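Visitor: just to be clear, the model below is a prediction. Sequence and coordinates:
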Amino acid sequence: MRRAAVIAALLLVVGASPAQAAPAVSVRVDPASQSQVGRDFAGFSYEKDRVGARMFDARNADLVRLFRLLGPSLLRIGGNLVDMTTWNPQGPGGKADEVAPDDIRELALFAKATGWKVVYGINLKTNTPEAAADEAAVAARTLGEDLVAFEIGNEPNVYVKTLPEYEALFAKFADAIRAKVPDAHFDGPGQANSSSWAEDFARTQKDRGVTILSTHVYIAKNTEADIAKMLASNSSGRLPNISAAMRKAWSTNGIGQWRVTEANSYFHGGADGVSNVQAAALWSLDYMSGVAARQGSGINFHGGTSTQFPLHYSPIRYDGLKPVGVQAVYYGELLWKLAGPGAYHAAAVSGADDVTAWGIGGNVFVNNKSTTAVTATITLPAKAHNASVYVLTAPKLDSKEITIAGSAVEKDGKFVPKPKNVKVTGTTTTVGVPADSAVLVVTR
């Protein structure tokens with residue numbers, strides 16, 4: 001970032017005035033709330049073949065620290081390759097195209113080391129109920145209390161013609177699994193970019209142990225990747241429409257929770273220069289806010305590596321099986337995590353079109369996607385004495401040089417933020433928000 005830009009950003013954060021006053025924005029946080037944000041809201045999704053490939057290695061200290069920094073949260077194992085990965089109960093392990101008992105033991109050790117829970121995907125497309133039940137029994141015994149649910153197949157609407165056909169398949173597999181794991185829980189239906197099966201699936205399958213009503217949502221295919229379209233996708237189109245439909249299906253049928261168990265910007269791996277830059281960090285914050293506002297329990301952002309195509313959008317960047325750094329969506333998730341769990345609060349913004357805001361607990365996010373810095377006067381949901389301000393910023397929207405409170409996240413998980421203190425008078429505080437940046441105000 002240029003020296004002048006750094007000075008201006010710092011002056012804004014501490015409440016001083018740069019040479020030209022920033023436009024004033026008013027943010028009023030609603031003290032009422034209709035939903036809660038849990039600790040596992042911002043999670044990850046990885047391809048099933050990464051289990052056999054031994055990506056989840058408790059001896060990989062850098063990866064463990066990166067997971068711990070963002071967690072504890074929820075790791076969903078699935079993806080397209082769940083339906084191409086076989087179960088080999090006698091296998092030696094360590095092979096990407098199959099899963100053996102030793103591979104699940106390695107995953108369990110990783111879960112213990114990081115504190116993360118697991119949604120464990122099982123092949124539906126090229127599998128049998130008997131083999132699925134055998135694998136599930138080993139997974140349940142090995143993962144223990146760190147297993148949250150099983151996911152049967154990935155995006156079945158891609159290869160199963162009708163909902164009744166899918167429900168019949170799901171019932172066969174779920175019943176076989178519950179015969180061996182009587183207290184098994186499941187998520188579903190996990191459609192690709194759709195919620196059309198959710199309401200009927202919830203109604204017909206909730207007595208089979210379905211506790212997570214799930215969907216997978218991306219903006220569009222990676223050939224359509226565009227920064228402006230990405231930033232606009234949270235206000236209209238597929239993301240908010242499916243979230244609203246999932247909320248309705250969940251609330252109508254009394255399933256434990258609804259969740260986006262696989263998501264990111266553009267499917268088929270995203271695009272370099274769009275999915276891995278500052279704009280994607282700001283986009284991910286608005287996406288999480290939209291799901292929380294509709295009473296969703298979280299989003300599992302897809303990442304890792306894949307044999308199918310490069311995952312430009314991956315929150316953690318890898319060289320082979322080793323992490324070499326983090327990318328934009330990780331920073332969005334990390335800023336979200338720094339707010340902690342608590343009640344979600346909507347917020348009204350006046351004075352700018354490209355600024356969004358919301359609260360979690362007594363803390364407030366202001367997301368400024370405009371090219372102009374703003375000064376935000378915030379009415380908090382409750383009184384506070386003072387606050388710390390974390391700024392998620394980069395030199396420009398298409399930059400990969402992202403920091404939070406002056407600190408990048410190193411590949412070994414080192415993160416040393418230096419938030420700025422601001423005064424709070426009753427329920428009011430004023431903070432500067434640099435252009436193309438987001439701030440988190442943490443009250444005390």
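Guide: Right, received. Where do you want to start?
Visitor: which pLDDT value goes with Ala131?
Guide: Ala131 is assigned 98 on the pLDDT scale.
Visitor: which residues touch the host helix or strand of it?
Guide: Assessed by DSSP states H and E, Ala131 sits inside helix 129-143. Contacts to helix 129-143, defined as Cβ atoms under 8 Å, 6 or more residues apart in numbering, come from residues 87, 89, 99, 101, 104-105, 107-108, 111, 118, 120, 122-124, 147, 150, 152, 172-173, 175-177, 179-181, 184. For every residue, glycine as well, the C-beta is placed using N, CA and C.
Visitor: repeat for stretch 221-241
Guide: Stretch 221-241 is contacted from outside by 193, 217-220, 265-271, 274-275, 277, 279-280, 282-283, 286-287, 289-290, 312, 369, 397-398, using Cβ under 8 Å, 6+ apart.
Visitor: so which of those sit within helices?
Guide: Taking DSSP state H, the ones among the contacts of stretch 221-241 that sit in helices are Ala279, Ala280, Leu282, Trp283, Asp286, Tyr287, Ser289, Gly290.
Visitor: can you tell me the closest non-neighbouring residue to the fifth one?
Guide: Counting by Cβ to Cβ, 6 or more residues apart in numbering, Asp286 lies nearest to Asn234, which is 4.1 Å off, once chain neighbours are set aside.
Visitor: quick one: the one you found is in a strand?
Guide: No: in this structure, Asn234 is coil, not part of a strand, as judged by DSSP: H, G, I helix; E, B strand; the rest coil.
Visitor: would you map the strands across the stretch 201-350 of the chain?
Guide: Secondary structure of the stretch 201-350 of the chain (DSSP state E, counting those that start in this stretch): strands at 210-217, 220-221, 257-263, 266-267, 299-302, 316-319, 322-326, 342-350.
Visitor: closest one to Ile242 among those?
Guide: Relative to Ile242, the nearest member of the strands of the stretch 201-350 of the chain by Cβ to Cβ is strand 210-217, separated by 5.2 Å.
Visitor: chain center to the closest one, what's the gap?
Guide: A distance of 14 Å separates the centroid of the chain from that of strand 210-217, by Cα atoms, centre = their mean, to the nearest Å.
Visitor: show me the contact partners of that strand.
Guide: With Cβ under 8 Å, 6+ apart, strand 210-217 has contacts from 119, 148-149, 151, 155, 185-195, 198, 201-202, 238-239, 242-243, 246, 249-250, 253, 255-263, 297.
Visitor: can you give me the helices in the protein?
Guide: Ranges of helices in the chain, per DSSP H, are 3-13, 49-52, 61-70, 101-114, 129-143, 163-180, 198-205, 227-232, 238-253, 278-293, 328-338.
Visitor: and of those, who's closest to Val422?
Guide: Using Cβ to Cβ, the helices of the chain put helix 3-13 closest to Val422, at 7.8 Å.
Visitor: rewinding a little: tell me which of the ones in helices among the contacts of stretch 221-241 is nearest to Val442?
Guide: Among these, and counting by Cβ to Cβ, the member closest to Val442 is Ser289, at 16.5 Å.
Visitor: residues contacting the closest residue to the closest one other than its chain neighbours?
Guide: Among residues not flanking Ser289 along the chain, Trp358 sits closest, at 4.8 Å (Cβ to Cβ, 6+ apart). Neighbouring residues of Trp358 by Cβ under 8 Å, 6+ apart: Val29, Ser289, Ala292, Ala293, Tyr344, His345, Ala346, Ala347, Val364, Phe365.
Visitor: for stretch 110-121, list every residue counted as buried.
Guide: Across stretch 110-121, burial judged by 16 or more other Cβ atoms under 10 Å covers Phe110, Ala111, Ala113, Thr114, Trp116, Lys117, Val118, Val119, Tyr120, Gly121.
Visitor: the fourth one and Ala53: what is the separation?
Guide: According to Cβ to Cβ, to the nearest Å, Thr114 and Ala53 sit 18 Å apart.
Visitor: and the fifth one, by the same measure?
Guide: Trp116 sits 18 Å away from Ala53 when distances are taken as Cβ to Cβ.
Visitor: and stretch 357-365, what's buried?
Guide: Ala357, Trp358, Gly359, Ile360, Gly361, Gly362, Asn363, Val364, Phe365.
Visitor: and what of stretch 183-202?
Guide: Buried residues in stretch 183-202, counted by 16+ other Cβ under 10 Å: 184-195, 197-199, 201-202.
Visitor: repeat that for stretch 259-277.
Guide: Neighbour-count burial for stretch 259-277 flags 259-271, 274-277 (criterion: 16+ other Cβ under 10 Å).
Visitor: ok, now stretch 217-228?
Guide: Val217, Tyr218, Ile219, Ala220, Asn222, Ala225, Ile227.
Visitor: nearest to Gly93 among the buried residues of stretch 357-365?
Guide: Relative to Gly93, the closest of the buried residues of stretch 357-365 is Ile360; by Cβ to Cβ it sits at 40.6 Å.
Visitor: pull the helix or strand with minimum mean pLDDT from this protein.
Guide: Ranking every helix and strand in the chain by mean pLDDT, DSSP states H and E puts helix 3-13 at the bottom, with a mean of 46.
Visitor: do I have it right that Arg444 meets Leu380?
Guide: No: here Arg444 lies out of contact with Leu380, judged by Cβ atoms under 8 Å, at a distance of 11.4 Å.
Visitor: so between the two, which is more surrounded?
Guide: Counted by other Cβ atoms under 10 Å, Arg444 and Leu380 do not tie: Leu380 has more neighbours, with 24 against 11.
Visitor: is it true that that one touches Thr443?
Guide: Yes: counting by Cβ under 8 Å, Leu380 does reach Thr443; the two are 6.2 Å apart.
Visitor: once you drop chain neighbours, what's closest to Glu167?
Guide: Residue nearest to Glu167 in three dimensions, not counting chain neighbours: Thr204, with 5.8 Å by Cβ to Cβ, 6+ apart.
Visitor: and for Tyr159?
Guide: Lys125 (5.8 Å).
Visitor: correct me, but the one you found touches Asn80?
Guide: No: in this structure, Lys125 is not within contact of Asn80 by Cβ under 8 Å, at 9.8 Å.
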